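Student: Pasting a predicted model and its sequence here:
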Amino acid sequence: MASETSKCHIVAVIDIGTIAIRMVVAEVGSKNEIRYLENLQKTVRFGKDVFTTRRLSSQSMREGISILKDFKLVLDTYGVTRVHAVATSAVREALNRDNFIDQIYVRTGLDVEILDGPEENRLELIAVDHALEDKIDLANKNCLIVEVGSGSTELILMKQGQVEVARTLPLGSVRLPEEIEVGKTDIAVMQRVLKRNIRDVVMYAAREYNLNEVDTFIALGGDMRFLAHQLIDSIEDRYVELDKKAVSGFVTRISKMTPEEITKEAGIPYAQAETLYAALLYYLYFLNETKVEKIIVPMISIRDGLLLEMSQLLSGYKRTDLSKQVLNSARHLSEKYQYDKTHATCVAGLAVKLFDAMQVDHGLKTRERLLLEVSAILHDIGTFISPSSHHKHSSYIIDASDIFGLRKSDKNIVSNVVRYHRRALPKLTHVPYVSLSKQDRATVSKLAAILRVADALDHSHQQKIRQFTLKRSEQGYFLWIDKEVGDIALERESLKLKGKMFSDVFGAPIQLRQGVPTK
């Protein structure tokens, strides 16, 4: 009898975007093969509501739910049982988004996840990595990945394959600067305004990354895929390369056309036609800030990233591991705040060692291990503001920053773990902690308790202790340190103070011992 992981599954992803709702139905195999069965798209104007009033109108919500009801009939026809539905910038920013999400569930049974910017970045990188697999080695590239969406623009800057900067910018082909009104603003005026807007963004990015070093430009998004089909007769691979001059020439040509003319010539929906020029102009201006002459256009979308991840979860085959990218993003953030790198690295190493040694005690998994390591890297960045109460400052910085690959819920855990790596224990009067789910509060307590121990072991910031052996007894936990380490009186005293949370969480004290562990 075939195992569950060897079977094919029919799955679907739904993307509730700014100007359209899209659905892909596919069959996924045991080795992450994806066979597309259905690809649907229907226009809905969420963006025009949200970007002017900050709310979804009753009409657009009714239209959206009607579309999703139709999609649900398609899902039932295929017998789909696994659906991942997500919503991006427009719904994410709507003040009444919770009402809309609730109505979708009540009327269609679909549970919609609101994607944060960093989660979009992560899914995009998964899709890009898959599309370029074995063809372009990003590990040896300085790469700028850009997706200009209708409501937001995603930027990922990579240096030698490592994510340096990941940002979600509040600009897009529908969300244009206030001076621009699509279809009414003079083209020359639009160009000047967009160029100024792009320069502001580039100056912001240049604080952290030199765009002159970019040697690979990757453009994602439906508008770039449309452009690729216009410039290339037949596309058979998962990506194409476009010449900068050809792209510039096409943009110049459509600048002289009305949305009606573009719709008639290209056969695309009017909603896409009226924003096409602005979107492509954004790409071109970003490209012009680099010295790159070719644009790589993967023929994929965030929906492909969602499908690939679903396939990997179902099959367990060759899962994409972006943990190194997450950690590199955390280190890059720490460098921005001039952290003590050797101390943070030592504490992170000790924390994950203790986490691994206590697997049977905490019952947490790989994801929580990654969040602990990120917390250890970031735990002292608040000293940039002030050494006093730096745990609180660190927490504030994390809340206000983007960390590649971490969802909002993950970042909330990291922020709280860092908040409690010293001083006061979690209290019911602490709103950020109480706002977490019961399960996440338990995770924060366990990870913070472990981080406190690891931080105590390098209290002197001299990295005396790098290895230990954990032993358990009826008296509690014992960390055995080699005698060659020398005097650890300071670390022992620090552990007495910081180990109180560990004792509360795990029900037994933890102590330092030197020498050979007793049986």
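Tutor: Here it is on my side, so go on.
Student: Now do the domain split for the protein, please.
Tutor: 4-115, 118-300, 323-514 (automatic domain parsing).
Student: chain center to the last one, what's the gap?
Tutor: With CA atoms, centre = their mean, to the nearest Å as the basis, the distance from the averaged C-alpha position of domain 323-514 to the chain average is 22 Å.
Student: what's the first-to-last distance across stretch 30-46?
Tutor: End-to-end distance of stretch 30-46 (CA to CA, to the nearest Å): 37 Å.
Student: Can you give the distance from that stretch to the centre of its chain?
Tutor: On CA atoms, centre = their mean, the centre of stretch 30-46 falls 21 Å from that of its chain.
Student: re the thing from before, who wins for proximity to residue 308 among the domains of the chain?
Tutor: When those are compared by CB to CB, domain 118-300 sits nearest residue 308, at 5.6 Å. Every residue, glycine included, has its C-beta placed from N, CA and C.
Student: what's the average pLDDT for that closest one?
Tutor: Averaging pLDDT along domain 118-300 yields 87.
Student: buried sites along the helix or strand where residue 72 lies?
Tutor: Using DSSP states H and E, residue 72 sits in helix 58-78. For helix 58-78, a neighbour-count test (16 or more other CB atoms under 10 Å) marks 60-61, 63-65, 67-68, 71-72, 75 as buried.
Student: ok, and what's touching that helix?
Tutor: Contact with helix 58-78 is made by 10, 12, 14, 16, 21, 23, 25, 37-38, 40, 42, 44-46, 49, 56, 83, 99-100, 103-104, 107-110, as judged by CB atoms under 8 Å, 6 or more residues apart in numbering.
Student: How about residues contacting stretch 354-363?
Tutor: Here stretch 354-363 makes contact (CB under 8 Å, 6+ apart) with 364, 368-369, 372, 446, 450, 453-454, 468, 470, 506.
Student: farthest-separated two in these?
Tutor: 368 and 468 (20.6 Å).
Student: count of residues packed around residue 347?
Tutor: 27 (other CB atoms under 10 Å).
Student: these two touch, right, it and residue 452?
Tutor: No: in this structure, residue 347 is not within contact of residue 452 by CB atoms under 8 Å, at 10.2 Å.
Student: Give me the three-state assignment for the residue nearest to residue 292 when sequence neighbours are not counted.
Tutor: Distance criterion CB to CB, 6 or more residues apart in numbering; nearest residue to residue 292, sequence neighbours excluded, is residue 217 at 4.3 Å. Following DSSP: H, G, I helix; E, B strand; the rest coil, the label given to residue 217 is strand.
Student: For residue 217, name its beta-bridge partners.
Tutor: Bridge pairing for residue 217 (DSSP bridges) gives the partners residue 144, residue 295.
Student: Hmm, it is touching residue 136, no?
Tutor: No: taking CB under 8 Å as the definition, residue 217 is not a contact partner of residue 136, at 11.8 Å.
Student: Those two: which is more packed in?
Tutor: Legend: neighbour count by other CB under 10 Å for residue 217 and residue 136, higher for residue 217 (23 against 19).
Student: contacting residues for the more buried one?
Tutor: The neighbourhood of residue 217, defined by CB under 8 Å, 6+ apart, consists of 143-144, 146, 286-287, 290, 292, 294-296.
Student: how about a cut-off of 6 Å?
Tutor: 144, 287, 290, 292, 295 (CB atoms under 6 Å, 6 or more residues apart in numbering).
Student: Over to residue 413?
Tutor: 371, 440, 443-444.
Student: Among those, which one lies nearest to residue 331?
Tutor: Using CB to CB, those come closest to residue 331 at residue 371, 15.0 Å.
Student: I'd guess that closest one is in a strand, am I close?
Tutor: No: counting by three-state DSSP, residue 371 falls outside a strand, being helix.
Student: now residue 341: how far from residue 154?
Tutor: In this view, residue 341 and residue 154 are 29 Å apart by CB to CB, to the nearest Å.
Student: Kindly report the same for residue 358.
Tutor: 38 Å.
Student: These two: who's more crowded?
Tutor: Neighbour comparison, residue 358 and residue 154: the larger count goes to residue 154, with 26 against 21 (by other CB under 10 Å).
Student: Which residue, other than its chain neighbours, is closest to that one?
Tutor: residue 147 (4.4 Å).
Student: Compute the number of surrounding residues for the one you found.
Tutor: Residue 147 has 26 nearby residues by other CB under 10 Å.
Student: Mind listing residues that contact whichever strand or helix holds residue 505?
Tutor: Using DSSP H and E, residue 505 falls within helix 500-506. Helix 500-506 is contacted by residues 361, 425, 445-446, 449, 452-453, 509-510 when judged by CB under 6 Å, 6+ apart.
Student: Got a quick PyMOL command for the buried subset of the residues you listed?
Tutor: Buried members of the contacts of helix 500-506, defined by 16+ other CB under 10 Å, are picked up in PyMOL with:
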select buried, resi 361+445+446+449+452+453+509+510
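Student: Tell me where the chain has strands.
Tutor: In the chain, the segments counted as strands under DSSP state E are 9-16, 20-28, 34-43, 82-87, 112-114, 142-148, 153-159, 162-169, 216-220, 239-243, 294-298, 469-473, 476-481, 510-514.
Student: Return the alpha-carbon coordinates of the helix holding residue 72 using PDB.
Tutor: Below are the C-alpha coordinates for helix 58-78, written out as PDB (Å, rounded to 0.1, in the frame of the first residue of the first chain):
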ATOM      1  CA  SER A  58     -19.400  47.200   1.200                       C
ATOM      2  CA  GLN A  59     -19.600  46.800  -2.500                       C
ATOM      3  CA  SER A  60     -16.000  45.600  -3.000                       C
ATOM      4  CA  MET A  61     -16.400  43.100  -0.100                       C
ATOM      5  CA  ARG A  62     -19.600  41.700  -1.700                       C
ATOM      6  CA  GLU A  63     -17.900  41.400  -5.100                       C
ATOM      7  CA  GLY A  64     -14.900  39.700  -3.500                       C
ATOM      8  CA  ILE A  65     -17.100  37.200  -1.600                       C
ATOM      9  CA  SER A  66     -19.100  36.500  -4.800                       C
ATOM     10  CA  ILE A  67     -15.800  35.700  -6.600                       C
ATOM     11  CA  LEU A  68     -14.600  33.500  -3.800                       C
ATOM     12  CA  LYS A  69     -18.000  31.600  -3.900                       C
ATOM     13  CA  ASP A  70     -17.500  30.900  -7.600                       C
ATOM     14  CA  PHE A  71     -13.900  29.700  -6.900                       C
ATOM     15  CA  LYS A  72     -15.200  27.500  -4.100                       C
ATOM     16  CA  LEU A  73     -17.500  25.700  -6.600                       C
ATOM     17  CA  VAL A  74     -14.400  25.000  -8.800                       C
ATOM     18  CA  LEU A  75     -12.500  23.700  -5.700                       C
ATOM     19  CA  ASP A  76     -15.500  21.300  -5.000                       C
ATOM     20  CA  THR A  77     -15.500  20.100  -8.600                       C
ATOM     21  CA  TYR A  78     -11.800  19.100  -8.300                       C
END
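Student: What mean pLDDT does it get?
Tutor: Helix 58-78 comes out at a mean pLDDT of 97.
Student: And the contacts of helix 58-78, which of them are buried?
Tutor: 10, 12, 14, 16, 21, 23, 25, 38, 40, 42, 44-46, 49, 56, 83, 100, 104, 108, 110.
Student: what about the closest residue to residue 477 other than its chain neighbours, distance to residue 455?
Tutor: Leaving aside its sequence neighbours, residue 477 sits nearest to residue 510 (CB to CB, 6+ apart; 4.2 Å). Going from residue 510 to residue 455 by CB to CB gives 13 Å.
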